[in-house]
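**Student:** turn this into a structure:
(chains A and B)
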2 protein chains.
Amino acid sequence: MAGAELTNVRSPRVKAARRLTKRAFRDQDRKFLAEGPQAVREALKLDGITLELFTTAEAEARHPELVGTAADQGVPVHRASGEVMAELSQTVTPQGLVAVCRPVHVPLDDALPEAARLVAVLAHVRDPGNAGTVMRAADAAGADAVLFTDASVDPYNGKCVRASAGSLFHVPVAVGAPVAQAVRRLKERGLRVLAADGAGRHTLDDVDLSGPTAWIFGNEAWGLPEEVLGLADDVVRVPIYGQAESLNLATAAAVCLYSSARAQRVP
Amino acid sequence: MAGAELTNVRSPRVKAARRLTKRAFRDQDRKFLAEGPQAVREALKLDGITLELFTTAEAEARHPELVGTAADQGVPVHRASGEVMAELSQTVTPQGLVAVCRPVHVPLDDALPEAARLVAVLAHVRDPGNAGTVMRAADAAGADAVLFTDASVDPYNGKCVRASAGSLFHVPVAVGAPVAQAVRRLKERGLRVLAADGAGRHTLDDVDLSGPTAWIFGNEAWGLPEEVLGLADDVVRVPIYGQAESLNLATAAAVCLYSSARAQRVP
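**Tutor:** I've put the predicted structure just below:
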């Protein structure tokens, strides 16, 4: 524990972290905030990602191993008052731990391993909670990479980081490529590119998903634009057996990704 | 359009609707609020469910068919000012339509058709957004019923109604039975009862889901308690192929429900 407890919400250190709640400053400073014990734990598992850790006395007492790991790695640990933590937190009930992290994304080519078999592409996804939940589902389904195209939400948005439940630190993520470029690269790597859309010609039950597949997921409200549908090898919908008009984007993505994971594993 | 525009947020009519944002008053008055064009449209498809409709002038201009349908059914339509709508709305950007509705749930025995093949049971689900998303996924997967046990969130919570995207009005819903009673009844009806839990002995890929199945979904943070796991015929987990610790409750539920729907349909 270095130094005295931070109690002034206007101190330069607190303000420098606080501004990372805004995308423009995240982009400018090339840093983001990871909040809560789960995100901090996963960030600390990666070398050189965690730059600073803010913790309340209560959180340090609850998670001494996290604060210890940070200190062992030479990460500056700042004890913060409840008021300062409330300033840094983006949740209703702050859990007392906020890490300042270096971005974890990599160039598109580095995100895609040679033998990639399952990739999730977020094109035009705007809701950060949905984007984070898709990352978590992609990780769980064993995806090799998650690509955020240039029209999608910032993966470092606080809600997205939280909803990913640590998966942002597990799965290789690429950010900002135009969707056409991402699709071209995926096809070059031998993946079949499927656009998930309620207007798809085929349903999940009709397509053979046993080969390497990349799924493109679109906007919550209006799905995928024509030009993106046109880039895909096929447009596939989750079958609706009841009266629902559609599925929530993140649940539809989970169903698609798990259908692929299963088809690739279960004979 | 009956009467003048409501502009006073303290008028008895507005206050009577506004109090339905609180569970105690929903229970006492036996009414709830359905917000937005999609929920209102689905409510109006059911006879005698919609008791009143509040609409702004803008929303009426955008959705004349909804306001017309309500008026044709003899539902009192109240034109409301933006300020009144903001008072009734539980969203950041109100869409200008709020219906006061009668509860749609039915007794447990009525919710379960004789030949029920797929049922979702929400036991200890606390997050209303998750509960609504599970209802929507259950509807999409063709479930015959959704059961909210006594320890689960109120299905008429505004966030739950919104997240269900109309499915609350599609699928037979029963509310408030103790989980043991619900499980007994499901077994009597010939359904195999599976508890979805990360600690399950079997994975989704190992179990035969082609027969009539009821899925029990638990709490977001700690899964299902031992006594509920003990009631089930089997405890099943969604396989985790990557590094994620777990899935979001609603996405896990969607994957389970769709695995059943598929196994029941695809030979």
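
**Student:** A:Leu122 bridge partners, please.
**Tutor:** Applying DSSP bridges to A:Leu122 yields these beta-bridge partners: A:Phe148, A:Phe217.

**Student:** what sits against it?
**Tutor:** Residues in contact with A:Leu122 (C-beta atoms under 8 Å, 6 or more residues apart in numbering or on different chains) are A:131, A:134, A:146-149, A:152-153, A:217. All C-beta atoms are positioned from the backbone trio N, CA, C, and that covers glycine.

**Student:** what ranges does chain A have for its helices?
**Tutor:** Along chain A, counting by DSSP state H, helices occupy A:12-18, A:23-29, A:37-44, A:57-62, A:64-72, A:82-88, A:108-111, A:128-140, A:158-164, A:179-188, A:226-231, A:249-265.

**Student:** touching the fourth one from outside, list them.
**Tutor:** Counting contacts by C-beta under 8 Å, 6+ apart, the residues outside helix A:57-62 that touch it are A:1, A:5, A:37, A:67, A:79, A:95-97.

**Student:** lowest-confidence one in those?
**Tutor:** Note: of the contacts of helix A:57-62, the lowest pLDDT belongs to A:Met1, at 50.

**Student:** most packed of the helices of chain A?
**Tutor:** Mean neighbour count (mean count of other C-beta atoms under 10 Å in any protein chain shown) peaks for helix A:128-140 among these, with a mean of 28.

**Student:** still on that earlier bit, show the buried residues in the contacts of helix A:57-62.
**Tutor:** Buried by 16 or more other C-beta atoms under 10 Å in any protein chain shown: A:37, A:67, A:79, A:95-97, out of the contacts of helix A:57-62.

**Student:** farthest-separated two in those?
**Tutor:** A:Pro37 and A:Arg79 (16.1 Å; C-beta to C-beta).

**Student:** residues contacting the closest residue to A:Gln243 other than its chain neighbours?
**Tutor:** In this structure, A:Gln243 finds its nearest non-sequential neighbour in B:His170, 4.1 Å apart by C-beta to C-beta, 6 or more residues apart in numbering or on different chains. Counting by C-beta under 8 Å, 6+ apart, B:His170 makes contact with A:242-244, B:42, B:139.

**Student:** flag the helix or strand of chain A with the lowest per-element mean pLDDT.
**Tutor:** helix A:226-231 (a mean of 92; mean pLDDT, DSSP states H and E).

**Student:** name the helices or strands packed onto it?
**Tutor:** With contacts taken as 3 or more C-beta pairs under 8 Å, 6 or more residues apart in numbering or on different chains; DSSP states H and E, helix A:226-231 sits against helix A:179-188, strand A:192-196.

**Student:** for it, the distance to its chain's centre please.
**Tutor:** Distance of helix A:226-231 from its chain centroid, counting by C-alpha atoms, centre = their mean, to the nearest Å, is 24 Å.

**Student:** format the contacts of B:His170 as a markdown table; extra columns: pLDDT.
**Tutor:** What follows is the contacts of B:His170, written out as a markdown table (pLDDT from 0 to 100):
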| residue | pLDDT |
| --- | --- |
| A:Gly242 | 96 |
| A:Gln243 | 96 |
| A:Ala244 | 95 |
| B:Glu42 | 97 |
| B:Asp139 | 98 |
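
**Student:** could I get those residues as TSV with distance to B:Val9?
**Tutor:** Formatted as TSV, the contacts of B:His170 follow (distance: C-beta to C-beta, whole Å):
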residue	distance to B:Val9
A:Gly242	38
A:Gln243	35
A:Ala244	34
B:Glu42	27
B:Asp139	35
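
**Student:** returning to that earlier point: top of the contacts of A:Leu122 by number of neighbours, please.
**Tutor:** In terms of neighbour count, A:Val134 stands highest of the contacts of A:Leu122 at 35 neighbours, by other C-beta atoms under 10 Å in any protein chain shown.

**Student:** wait, what's in contact with the residue nearest to that residue when sequence neighbours are not counted?
**Tutor:** What sits nearest to A:Val134 in space, not counting adjacent residues and going by C-beta to C-beta, 6+ apart, is A:Ala253, at 4.6 Å. Residues counted as contacts of A:Ala253 (C-beta under 8 Å, 6+ apart) are A:120, A:133-134, A:137-138, A:196, A:215, A:217, B:251.

**Student:** let's have those in JSON lines, adding pLDDT and distance to B:Thr55.
**Tutor:** Output for the contacts of A:Ala253, formatted as JSON lines (pLDDT from 0 to 100; distance: C-beta to C-beta, whole Å):
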{"residue": "A:Ala120", "pLDDT": "98", "distance to B:Thr55": "40"}
{"residue": "A:Thr133", "pLDDT": "97", "distance to B:Thr55": "33"}
{"residue": "A:Val134", "pLDDT": "97", "distance to B:Thr55": "35"}
{"residue": "A:Ala137", "pLDDT": "98", "distance to B:Thr55": "37"}
{"residue": "A:Ala138", "pLDDT": "98", "distance to B:Thr55": "41"}
{"residue": "A:Ala196", "pLDDT": "96", "distance to B:Thr55": "34"}
{"residue": "A:Trp215", "pLDDT": "98", "distance to B:Thr55": "39"}
{"residue": "A:Phe217", "pLDDT": "96", "distance to B:Thr55": "34"}
{"residue": "B:Thr251", "pLDDT": "96", "distance to B:Thr55": "34"}
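
**Student:** closest to A:Glu226 among the residues you listed?
**Tutor:** Closest to A:Glu226, out of all of these and judged by C-beta to C-beta, is A:Ala196, at 15.0 Å.

**Student:** doesn't A:Ala214 make contact with the closest one?
**Tutor:** No. With contacts defined as C-beta atoms under 8 Å, A:Ala196 does not count as touching A:Ala214, sitting 10.7 Å away.
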